[in-house]
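**Student:** Sharing a model that was predicted from the sequence below.
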Amino acid sequence: MTLKKRFAFFFLLMCHIVSAQNDSINKLKEVIVSDNNLKNFANTQSIQRLNDSIINKNQSSLTSLLNYNTVIYFKENGLGMTSSPSFRGTTSQQTVVVWNGININSQLLGQTDFNTISTRGFNSIDVKAGGGSIVYGSGAIGGTIHLNNDLKFTDTFKNDFQIYYGEFNTISAIYGLTAATKNWSFDASFTRNSSDNDFKFVGQNVWNTNGQYYNNTLDAAVGYKINNKNSIKFYSEIYDGERHFSLTSPNATKTKYEDYNTRNLLTWTSSFNKFESNLRLAYISEHYNYFEDINLDGFTSGGVKSFIGKYDLDYSLSSTMKISTILDYTKNDGVGSGIGKSSREIGGASILWKHTLTEKWNYELSARKEVSDVYKSPVLFSAGSRYNFSDFYQLKFNVSRNYRIPTFNDLYWTGSGNPDLKPESSYQAEIGNDFKYKDFRLTVTAYGMKIKDMIRWLPNNSGNWSPENTDKVTIYGAEALLGWQKSFNKHTFDFSGTYAYTVSTDDKTDKQLFYVPYHKLTGSLSYYYKKLSAYYQVMFTGEIFTTSDNNPKDILDAYNVSNIGVDYNFSKKNMFKIGVKAANLWNEKYEALPSRYMPGRNLTIYLNLNY
Amino acid sequence: MKLKNLYLGIIASAFLFASCSNDDDNNDAPLGAYDNGVLILNEGNFGTPNASVSFVSNDLNTFQNDIFKLVNTPMVLGDVAQSMSFSNEKAFIVVNNSNEVEVVNRYTFKSLGTITEKLQNPRYSVVLNDKLYVTNSISKAVTVYDAKTFAYIASIPLNKTAERIVAANGKLYVTNAAYGSGTDVTVINPASNTVSKTITLANGINSIEEKNGSVYVLSGTSTKNTFSKINTSTDTATSFEATATKSALNMDIDGDKIYYTQATEVYAINLTATAFSDKALFSVKDSSWSTFYGFGVIDGKIYSGDANAFTSDGTVTVYSSTGTVLKTLTAGKGPNGFYSNNN
């Protein structure tokens, strides 16, 4: 009759977040990415690119950026607290965050906390819907989020400084330096975010308590072109953050959580004859400390250090046929309060084939098999095709099998871990339609998915909690991405919008999965006139079930949150921009999770310098 | 899946929205009297202040959910209601994650006050000589309050797990075990608020009960069950064990019988028994998980609280002693305990 405290904490992390203060402009653009595989083998799926201007117009957390610009729903435990996504009706662990081509989801939890990723250090962020396990591995079922540090090799020397100051003593600052020659390229930035986060709940005489946070991120990328055929790049990121977890009852024990994550990646790209090879060596680490009571010294901690080696070899049989192989090896070493000392090794081989039949028609096929000392993995595959009917209309089709492996906590948690867990696996199919007419772009994608062996932690009859392969889920839905741009005289209007309809049902109960809204919509309209720009942004999330039986008394109401901003560039040549924005303009009272209220209307002023 | 139809349907309905829905408020009026029945404590979801109390009459015909809220709106009970204890007309509801003890009139359920001082993840409580004793898991201490004024009096540090607590023969008995591990029972002398003895029993203590001045303790592990009876004059224990049956949980004494569960089975032995039973009274269908998250036996009726994995409202099933289902009720989130409330 006891809820194991440490498990409870674990569940806290498994549930999850949304940021309210942000604003953005969303453009649909052709994708040109540094990650070769994303460029070469994802032509039959839908990819949405968020470029640096969109990144800068939003709050600096990945939660906030994606919440206001994509179809992904976020389970945010209050502003800045733990946050996890639901992409295409899937669970938090079925969306992968990919950092410069490397899967960085936590090995302990199987997911990324989207409030521990600071967006402003990246040049672009791509959102790819649908399966991607062949290239990005475990968890790429609902979709993948790609964080890119692109390097340019043209003579450049640029400084960038941005500072944002808002209510609740919220500060976000970034300094970035970009320097490049024809052979060398260097890009680095430092980001700092912090907030007292003590906002008043809308319509209540209650304040958010113990919600303060800070985080620091250092990003660096260096590239060197040895010659025409060889180049070396090195990427590094260090994230250090501390969050207090806000309280849901006034006398509750105050807790806090610290994250320390490092990511390092060395790549060597080489081309010879009809071959192109890409060797990547990555070393990534994650570490947390959890303080059960901030007034005590004691804490629990855990971490995993991972080494990843990946070798891609592409061979062009002709100008229309390309074959690629990927060999990879991963070793994870974990140590922590709940998991003791444990490690696992995974080796995998993928083969990918791409064939352009005519100017209008191509198809892609790929398969992957991996071996591990811990679990049995299914053979994965993906097949897709794209056909251009006209300049106006293009049709895409893709079918794939994807998977998610059990996490370290699932397998090794003392007294509860289940070493017999199988990976979750899914089959999915999608049809995408791209329409393009003058300044207007529309992508409509419909998909269906079956997932089995879903891993869930359940209390059992021996008074303990343990993970089991239990649920089967059927998901179908549709997404629409809309873009429109119009200029006349010196006025420019830019509109973008996304909409998702998602039905995600448990096969046993035939009920909608909880924390998957049927409807989500985002929209943003930007206006530019000479050196003035203004934008208005809206996010609508439909009602959300919070229980497995979809009980109406436990529904979270739909919410509709708008942000507005305006700025002016005072500099003639460079950028000296001063702006102001209001988040949650209409002071909507809303919560993304029960009792996790979000801030009402609040103001931020900002300064951007670029010279 | 008819993908084609679906596909067209989805596009057609793409920009239609479901309207907002309002919470389906419980419009029931308070019953006024919550006596001659059973109080069901629903702990709620961890991290969400949605703990609640349900009431069912002894004849099982009158049932009401969320009675604390109905009577005391706009107060909320809080986050993880762990346990309840009684003294005269008062009930003390220990709300673990909220660090509160809500005090109510047990018959009207009107709030009488909230204790917060020195509570650090409180777990269980008991009243002895008009003093309320509360175990705390973070401070590993028993905190003492005046059961009439609710004023804080003292803390008794144990420096080890402080879980369940009962009073017997003028002393307090605290189990130093949680989550299926732990071997000790600490005896506290309430006159001096000091530890007078530590009794070591079999590992895996999960239940403790007082009956007729004696203290009964159940230990269950994955290898054996052990039953111990503490003589409260000498604070020494006599025990018997079984290795054929294991992982026993949920001891509850009703009349002269000791009830307990094992997986999905309910067992009963006499108070005077010297061995575990190898034959279950009955077994329940394991409808989901956590079938016996809550368990209690009151006047020969067996109450089970299925937490339904905490993803929906809990299910309370009332059985006869032979396993006939007398009533099935939809309670609050995570029903974890049953308390007789006769006047």
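**Tutor:** Alright, I've got the coordinates. Residues are numbered from 1 along each chain as shown, chains lettered A, B, ... in the order given.
**Student:** Give me the secondary structure label for residue B:309.
**Tutor:** Counting by DSSP: H, G, I helix; E, B strand; the rest coil, the backbone at residue B:309 sits in helix.
**Student:** and the gap between it and chain A?
**Tutor:** Using Cβ to the nearest Cβ, to the nearest Å, we find residue B:309 at a distance of 5 Å from chain A. Every C-beta, even on glycine, is put in place using the N, C-alpha and C of the backbone.
**Student:** Pull the number of nearby residues for that residue.
**Tutor:** 20 (other Cβ atoms under 10 Å in any protein chain shown).
**Student:** what separates residue A:350 from residue A:411, distance-wise?
**Tutor:** Residue A:350 sits 24 Å away from residue A:411 when distances are taken as Cβ to Cβ, to the nearest Å.
**Student:** Looking at these two, which is more packed in?
**Tutor:** More crowded of residue A:350 and residue A:411, by other Cβ under 10 Å: residue A:350, with 25 against 20.
**Student:** Now the more buried one: which helix or strand?
**Tutor:** Using DSSP states H and E, residue A:350 sits within strand A:340-356.
**Student:** Nearest spatial neighbour of residue A:378, chain-adjacent residues omitted?
**Tutor:** The spatially closest residue to residue A:378, leaving aside those adjacent along the chain, is residue A:425, at 5.4 Å (Cβ to Cβ, 6 or more residues apart in numbering or on different chains).
**Student:** now that neighbour, which residues is it bridged with?
**Tutor:** Applying DSSP bridges to residue A:425 gives these bridge partners: residue A:403, residue A:452.
**Student:** Pull the contacting residues for it.
**Tutor:** A:378, A:401-404, A:451-453 (Cβ atoms under 8 Å, 6 or more residues apart in numbering or on different chains).
**Student:** give me that answer again for 10 Å
**Tutor:** By Cβ atoms under 10 Å, 6 or more residues apart in numbering or on different chains, residue A:425 lies in contact with A:133, A:141, A:377-378, A:380, A:401-404, A:450-454, A:469.
**Student:** Then residue B:128?
**Tutor:** Contacts of residue B:128 by Cβ under 10 Å, 6+ apart are B:87, B:144, B:147, B:165-168, B:170-172, B:188, B:190.
**Student:** nearest to chain B, of the contacts of residue A:425?
**Tutor:** residue A:450 (8.7 Å; Cβ to the nearest Cβ).
**Student:** Which residues belonging to the one helix or strand that closest one maps to are considered buried?
**Tutor:** Using DSSP H and E, residue A:450 sits within strand A:440-459. Neighbour counts over strand A:440-459 (16 or more other Cβ atoms under 10 Å in any protein chain shown) mark A:441-459 as buried.
**Student:** Mind giving me the packing neighbours of that strand?
**Tutor:** Applying 3 or more Cβ pairs under 10 Å, 6 or more residues apart in numbering or on different chains; DSSP states H and E, one finds that strand A:440-459 contacts helix A:5-14, strand A:124-129, strand A:393-404, helix A:408-412, strand A:424-437, strand A:465-488, strand A:491-506, helix B:3-12.
**Student:** May I see those arranged in JSON lines, with mean pLDDT and distance to residue A:210 as well?
**Tutor:** Shown next, in JSON lines, are those (pLDDT from 0 to 100; distance: least, Cβ to Cβ, whole Å):
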{"stretch": "helix A:5-14", "mean pLDDT": "37", "distance to residue A:210": "14"}
{"stretch": "strand A:124-129", "mean pLDDT": "94", "distance to residue A:210": "30"}
{"stretch": "strand A:393-404", "mean pLDDT": "95", "distance to residue A:210": "33"}
{"stretch": "helix A:408-412", "mean pLDDT": "90", "distance to residue A:210": "25"}
{"stretch": "strand A:424-437", "mean pLDDT": "95", "distance to residue A:210": "35"}
{"stretch": "strand A:465-488", "mean pLDDT": "92", "distance to residue A:210": "26"}
{"stretch": "strand A:491-506", "mean pLDDT": "95", "distance to residue A:210": "33"}
{"stretch": "helix B:3-12", "mean pLDDT": "40", "distance to residue A:210": "43"}
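**Student:** near chain A, which residues of the stretch 101-250 of chain B show up?
**Tutor:** B:114-117, B:119-121, B:123, B:137-139, B:163-164, B:178-181, B:204, B:206-207, B:220-222, B:246-250 (Cβ under 10 Å from any Cβ of the partner chain).
**Student:** Mark which of those are buried, thanks.
**Tutor:** Among these, those classed as buried by neighbour count (16+ other Cβ under 10 Å) are B:114-115, B:119-121, B:123, B:137-139, B:163-164, B:178-180, B:204, B:206-207, B:220-221, B:246-250.
**Student:** would you list every one of the strands in the stretch 201-350 of chain A?
**Tutor:** In the stretch 201-350 of chain A, strands defined by DSSP state E, counting those that start in this stretch lie at A:213-225, A:230-245, A:255-272, A:275-291, A:300-316, A:321-336, A:340-356, listed in chain order.
**Student:** List the buried residues of the first one.
**Tutor:** If I follow you right, that is strand A:213-225. Across strand A:213-225, burial judged by 16+ other Cβ under 10 Å covers A:213, A:215, A:217, A:219-223, A:225.
**Student:** Return the angle between stretch directions for that strand and strand A:230-245.
**Tutor:** Inter-element angle recorded for strand A:213-225 and strand A:230-245: 180 degrees (by axes from the mean of the first three to the mean of the last three Cα atoms, to 10 degrees).
**Student:** same check, this time on the longest one
**Tutor:** Direction vectors for strand A:255-272 and strand A:230-245, defined by the same axes, to 10 degrees, enclose an angle of 170 degrees.
**Student:** Just the C-alpha atoms of strand A:255-272, please, in PDB.
**Tutor:** Extracted in PDB, the C-alpha atoms of strand A:255-272 (Å, rounded to 0.1, in the frame of the first residue of the first chain):
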ATOM      1  CA  THR A 255      12.900  19.100  -4.400                       C
ATOM      2  CA  LYS A 256      15.400  19.900  -7.100                       C
ATOM      3  CA  TYR A 257      17.100  18.200 -10.000                       C
ATOM      4  CA  GLU A 258      20.500  18.800 -11.600                       C
ATOM      5  CA  ASP A 259      21.400  17.800 -15.100                       C
ATOM      6  CA  TYR A 260      24.900  17.600 -16.500                       C
ATOM      7  CA  ASN A 261      25.200  16.400 -20.100                       C
ATOM      8  CA  THR A 262      28.100  16.400 -22.500                       C
ATOM      9  CA  ARG A 263      28.200  15.500 -26.200                       C
ATOM     10  CA  ASN A 264      31.300  15.200 -28.400                       C
ATOM     11  CA  LEU A 265      31.400  14.100 -32.000                       C
ATOM     12  CA  LEU A 266      34.300  13.700 -34.400                       C
ATOM     13  CA  THR A 267      33.500  13.100 -38.100                       C
ATOM     14  CA  TRP A 268      35.700  12.400 -41.000                       C
ATOM     15  CA  THR A 269      34.100  12.600 -44.400                       C
ATOM     16  CA  SER A 270      35.900  11.300 -47.400                       C
ATOM     17  CA  SER A 271      35.000  10.800 -51.100                       C
ATOM     18  CA  PHE A 272      36.900   8.800 -53.600                       C
END
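**Student:** Can you list the helices and strands that that strand packs against?
**Tutor:** If contacts are counted by 3+ Cβ pairs under 10 Å, 6+ apart, strand A:255-272 sits against helix A:5-14, strand A:95-99, strand A:102-103, strand A:213-225, strand A:230-245, strand A:275-291, strand A:300-316.
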